[in-house]
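**Student:** Provided below for reference: sequence and predicted model.
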Amino acid sequence: MRDNDAYITGIGQSEIGMKLERHPLLLTLDAVREALDEAGLTIDQIDGVSTYPGRVPAMLGFSPIGADELIDALGIRATWYAGGMEISSQLGAVTAAAMAVRTGQARHVICYRTVYEAAAMARPEEYPMARRDRVDGGTQWTAPFNALSAAVWTAQYAMRHVKKYGMTREQLGQIALTGRANAALNPRALVRQPLTMDEYLSARMISSPLCLFDCDRYSDASTVLIVSAGDAVDEVKCTPIRIAAMAGSVERHSWDQAEWMACYPTGADLWKRTDYTPADVDTVQLYDGFSFQAVAWLEGLGFCGKGEGGRFIEGGKRIALDGELPLNTFGGQLGAGRLHGFGFAHEAVVQLRGKGGERQIASDPRVAVATSGGGPLATALLLVRD
Amino acid sequence: MANTRPLPRLDSTNRDFWTCGAENELRFLRCGDCGTFIHPPRPVCRHCLSENVAPEAVAGTGVIDTFTVNYQKWHPAMDVPFVVARVAIDGAPGVILTTNIVGCEVDAVDIGDRVRVTFEQQEDVYLPLFEKID
């Protein structure tokens, strides 16, 4: 162990549901408690908090609990904290925490992402969406053309891949099928029924080439990762997982001016910062809010060449739980629910510790990649059990 | 298309872009020093940091960079399907607009198709939509 490294120690997750009644602060507390228990830490030992995107008053379901509120509600004595959306996507909150512990700002940082989108839609009187007469900022370049969802924006990248490189629906469908097969083995997953290729191919289109099963669904949940300083890991009882490299970048923060997706430069940057190579990786947990993002991540991280992602996942064997590169072993967001980025790092730690139960990768994985984002923004973590 | 559209809030920076259609011109900010086109509009050149920027008309044609056919009704009153596309603007290197391709069947649209601007006025906004050039 090296004192100047950062580690993920305790991890926790609330139940994952739709239209949950439990207060989002209490869902967050459920995940915090599980993470503390696993690490053998008490709340008094937590001295940092990091979250994405912080409380978003205009979309409370998207992010109901800010760092300010969590710190106060749990009586945390924070020597460092941060929360915000202007960072390289969801797991940027983890890279920020890693930098904080490496520079002595804090010793044990709670990183969390709480989502409450399904409940908020069901109870709009309690979680109202801000209504505006006019749109501004980046939204003005898409919304006036009724490009209202990230599904539509991402679909355009996917369509380019289909037209330029020949990715088929059967190939793309393997992301959803793999996720749902793994979700069936994850007791917490939102959707636990496997998906067949026939069901996938007959699903209605949302925005071509993305069909219903290429899109994650709103859920209510909280995920916590405790990031600990290298000189503090002897205080925890669980196996620390080292953050061996991290990268996060922006490819112009715009869905139209960006020439291509940020997962490509981010993936390349990750390998510049480590001696590990893609050949060393035992499992990948890749953002799949829309299935195509996981394909792009496989290419961006160099597991296959640009344009080869469709053929790489064809048939699904390579990325299956017992394949050479198991993908999204908890179900991904397509199976486990829209945990919004943090589920991928959580699952990487589960697998590296051998705690996956029915969904545990049998080959004793030691090296994993977890990512979030993949459109204009992207973050990648290389996680290692030493 | 009968769809209602969320309209942009006009300000000193974006007003020319959203209203240039009133003169049947498509205009973008361009740097008077290095010639770079600047979009989204901002009062500084992203290439040379010059503040000498002003609107300049382009031909109004372009090429479909990529597209999608939107089938989902994101609200109950929405008419579907319709095409959302990214159009690379002729004469303005690097500038791409998200827009709609109108005036043809959704299945008739493909990457590489050449298109021409057609403005749709809603209130004080002129939306640059595009039609295929036969």
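**Tutor:** Okay, I see it. Numbering: from 1, shown residues only, chains lettered A, B, ... in the order given.

**Student:** residues touching residue 98, list them.
**Tutor:** Answering for chain A, as no chain was given. Applying C-beta atoms under 8 Å, 6 or more residues apart in numbering or on different chains to A:A98 gives the contacts A:6, A:227, A:243, A:246. For the C-beta atoms, the positions are set from N, CA and C on the backbone; glycine is no exception.

**Student:** Hmm, no, I was thinking of chain B.
**Tutor:** Taking C-beta under 8 Å, 6+ apart as the test, what B:T98 contacts is A:141-142, A:145, A:147, A:153, A:255-256, B:84-86.

**Student:** go on, A:G61?
**Tutor:** A:115-121, A:127, A:218.

**Student:** export the contacts of A:A98 to CSV and tack on distance to chain B?
**Tutor:** Shown next, in CSV, are the contacts of A:A98 (distance: C-beta to the nearest C-beta, whole Å):
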residue, distance to chain B
A:A6, 34
A:V227, 35
A:I243, 33
A:M246, 27
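
**Student:** Most neighbours among the residues you listed, please name it.
**Tutor:** Most neighbours among the contacts of A:A98, by other C-beta atoms under 10 Å in any protein chain shown: A:V227, with 29 neighbours.

**Student:** Skipping its backbone neighbours, what lies nearest the spatially most central residue of chain A in space?
**Tutor:** When C-alpha atoms, centre = their mean is applied to chain A, the residue found nearest the centroid is A:G341 (1.7 Å). Take A:G341 and drop its neighbours on the chain: the residue closest to it by C-beta to C-beta, 6 or more residues apart in numbering or on different chains is A:Q90, 2.7 Å away.

**Student:** And that neighbour, how close does it get to A:C304?
**Tutor:** Here the criterion is C-beta to C-beta, to the nearest Å. By it, A:Q90 lies 24 Å from A:C304.

**Student:** who has more neighbours, these two?
**Tutor:** With neighbours defined as other C-beta under 10 Å, A:Q90 and A:C304 compare such that A:Q90 has more, 28 against 18.

**Student:** so the more buried one is in which element?
**Tutor:** Secondary structure assigned from DSSP states H and E places A:Q90 in neither a helix nor a strand.

**Student:** so A:S88 makes contact with A:H253?
**Tutor:** No - assessed by C-beta atoms under 8 Å, A:S88 is found out of contact with A:H253, at 9.8 Å.

**Student:** what's the overlap in contacts for these two?
**Tutor:** In contact with both A:S88 and A:H253: A:L377, using C-beta under 8 Å, 6+ apart.

**Student:** How many residues are close by residue 106?
**Tutor:** Just so you know, I chose chain A. 23.

**Student:** my bad, chain B
**Tutor:** 16.

**Student:** same deal with A:G331?
**Tutor:** 29.

**Student:** Then the one 3 residues further on?
**Tutor:** A count of neighbours around A:L334, defined by other C-beta under 10 Å, yields 29.

**Student:** do the same with the one 4 residues further on
**Tutor:** Using other C-beta under 10 Å, A:R338 is surrounded by 22 other residues.

**Student:** unless I'm mixing things up, it is touching A:Y116, no?
**Tutor:** No - using C-beta under 8 Å, A:R338 makes no contact with A:Y116, being 10.7 Å away.

**Student:** Now do the SS call for A:P194.
**Tutor:** Put simply, A:P194 is coil when judged by DSSP: H, G, I helix; E, B strand; the rest coil.

**Student:** about what we covered before: sitting in helices, which of the contacts of B:T98 do you find?
**Tutor:** In helices, defined here by DSSP state H, the members of the contacts of B:T98 are A:W153.

**Student:** possible to save the contacts of B:T98 as CSV with neighbour count and distance to B:C48?
**Tutor:** Output for these, formatted as CSV (neighbours: other C-beta atoms under 10 Å in any protein chain shown; distance: C-beta to C-beta, whole Å):
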residue, neighbour count, distance to B:C48
A:W141, 23, 23
A:T142, 22, 28
A:F145, 24, 30
A:A147, 28, 31
A:W153, 23, 30
A:W255, 22, 26
A:D256, 26, 23
B:V84, 24, 33
B:A85, 28, 30
B:R86, 26, 26
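
**Student:** Compare A:S88 and A:H253 and say which is more crowded by neighbours.
**Tutor:** Ranked by neighbour count (other C-beta under 10 Å), A:S88 and A:H253 place A:S88 first, with 25 against 14.

**Student:** where along chain B do the helices fall?
**Tutor:** Going by DSSP H, chain B shows helices at B:15-19.

**Student:** mind putting the contacts of A:G61 in TSV, distance to chain B and neighbour count included?
**Tutor:** TSV is the format used below for the contacts of A:G61 (distance: C-beta to the nearest C-beta, whole Å; neighbours: other C-beta atoms under 10 Å in any protein chain shown):
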residue	distance to chain B	neighbour count
A:V115	20	27
A:Y116	20	28
A:E117	15	23
A:A118	17	21
A:A119	20	25
A:A120	17	22
A:M121	13	14
A:Y127	18	18
A:Y218	14	19
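
**Student:** what's the closest of the residues you listed to A:Q351?
**Tutor:** Nearest to A:Q351 among the contacts of A:G61: A:V115, at 22.2 Å, using C-beta to C-beta.

**Student:** in stretch B:112-129, what's buried?
**Tutor:** By neighbour count on 16 or more other C-beta atoms under 10 Å in any protein chain shown, the buried set for stretch B:112-129 is B:113, B:115-119, B:125-129.

**Student:** wait, which of those is closest to A:A268?
**Tutor:** Distance to A:A268 across those (C-beta to C-beta) is lowest for B:D113, with 31.9 Å.

**Student:** what about stretch A:271-289 and chain B, any contact?
**Tutor:** No - Stretch A:271-289 stays clear of chain B (C-beta under 8 Å from any C-beta of the partner chain), getting no nearer than 15.3 Å.

**Student:** I'd like the mean pLDDT over stretch A:136-153, please.
**Tutor:** If you average the pLDDT over stretch A:136-153, you get 96.

**Student:** how about that stretch: buried residues?
**Tutor:** For stretch A:136-153, by 16+ other C-beta under 10 Å, it's A:139-153.

**Student:** tell me how far that stretch is from the chain's mean position?
**Tutor:** 23 Å (C-alpha atoms, centre = their mean, to the nearest Å).

**Student:** which residues are contacting that stretch?
**Tutor:** By C-beta under 8 Å, 6+ apart, stretch A:136-153 touches A:135, A:206-207, A:210, A:215, A:253-256, A:289-290, A:375, B:3, B:5-9, B:11, B:14, B:40, B:68, B:70, B:72, B:74, B:78, B:82, B:84, B:97-100, B:125, B:127, B:129.

**Student:** Out of the contacts of B:T98, which sit inside strands?
**Tutor:** B:84-86 (DSSP state E).

**Student:** possible to save those as JSON lines with pLDDT and distance to A:G40?
**Tutor:** As requested, the ones in strands among the contacts of B:T98 are exported to JSON lines (pLDDT from 0 to 100; distance: C-beta to C-beta, whole Å):
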{"residue": "B:V84", "pLDDT": "98", "distance to A:G40": "51"}
{"residue": "B:A85", "pLDDT": "98", "distance to A:G40": "55"}
{"residue": "B:R86", "pLDDT": "97", "distance to A:G40": "51"}
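
**Student:** This completes my enquiry, with thanks.
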